[in-house]
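Asker: Compute the structure for the input listed below.
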Amino acid sequence: MIQALKKRAKSSEKKSKSVYAPNPVNEEIESHTLAIIVENEPGVLSRVIGFFTGRGYNIDSLTVAETDHEETTSRITIVARGTPTVIEQIKASLRQLVPVKRVRDLTTFGPHIERELALIKVAGRGDKRIETLRIADVFRARPVDSTLESFVFEITGTTEKVDAFIELMKPLGLVDVSRTGIAAISRGATTHDDED
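Answerer: Numbering: from 1, shown residues only. This is a model prediction of the structure:
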């Protein structure tokens, strides 16, 4: 009896692909970008984040800002990972939160644009400075501050572009990075209120 239970436990451990789903059906973990329109009132962000932490879901990226002052609405853009089933559970649960007006999964809705802003500080002298400026020019990273020993670059683009630039700056004297997280919007004439 005990050996049979151990065999079952081992077989279920092998099948498990996600910490979010106790009994997954061989679903792959995907990254989804969710755009959430909420009432701009105190405590809304903590309620949305509390939902994620309360269920043990991780947030890869989070941005939030007011989008309409007259209607007092804000837009929260969250990048989260999970199986398709878990992502559907996240969207359904978010829609039930009182201050949430609309949830759109930009990943499945259709073509969308994602951008991230980063400020990257690189310190160095001599040839390293020249190489730093050359690579920054290739990536269209703009120097926004300069001293005799350092540069601060502003770079905007996809997460992959920002990651690649940071990797190239590491051997040249990367000392600090500040990133905004992903801002995303659907392409074309669609609005956030259009039906999914």
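
Asker: Poorly predicted segments of the chain, please.
Answerer: 1-25, 192-196 (pLDDT under 70).

Asker: One more pass at 80, please.
Answerer: 1-27, 190-196 (pLDDT under 80).

Asker: hey, where'd the strands end up in it?
Answerer: Under the criterion DSSP state E, the chain contains strands at 30-39, 59-68, 73-82, 100-105, 112-123, 142-146, 150-157, 174-186.

Asker: could these go into JSON lines alongside mean neighbour count and distance to residue 163?
Answerer: Heads up, the C-betas are built off the backbone N, CA and C, glycines and all. As requested, those are exported to JSON lines (neighbours: other CB atoms under 10 Å; distance: least, CB to CB, whole Å):
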{"stretch": "strand 30-39", "mean neighbour count": "19", "distance to residue 163": "14"}
{"stretch": "strand 59-68", "mean neighbour count": "14", "distance to residue 163": "12"}
{"stretch": "strand 73-82", "mean neighbour count": "20", "distance to residue 163": "14"}
{"stretch": "strand 100-105", "mean neighbour count": "18", "distance to residue 163": "23"}
{"stretch": "strand 112-123", "mean neighbour count": "18", "distance to residue 163": "9"}
{"stretch": "strand 142-146", "mean neighbour count": "12", "distance to residue 163": "18"}
{"stretch": "strand 150-157", "mean neighbour count": "19", "distance to residue 163": "10"}
{"stretch": "strand 174-186", "mean neighbour count": "16", "distance to residue 163": "10"}
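
Asker: looking at those, which is closest to residue 132?
Answerer: Shortest distance between residue 132 and these, using CB to CB, is found for strand 112-123: 5.2 Å.

Asker: just checking, what packs against that closest one?
Answerer: For strand 112-123, the packing partners by 3 or more CB pairs under 8 Å, 6 or more residues apart in numbering; DSSP states H and E come out as strand 150-157, helix 159-169, strand 174-186.

Asker: Make TSV out of these and add distance to residue 135.
Answerer: Listed next are those as TSV, based on distance: least, CB to CB, whole Å:
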stretch	distance to residue 135
strand 150-157	10
helix 159-169	5
strand 174-186	11
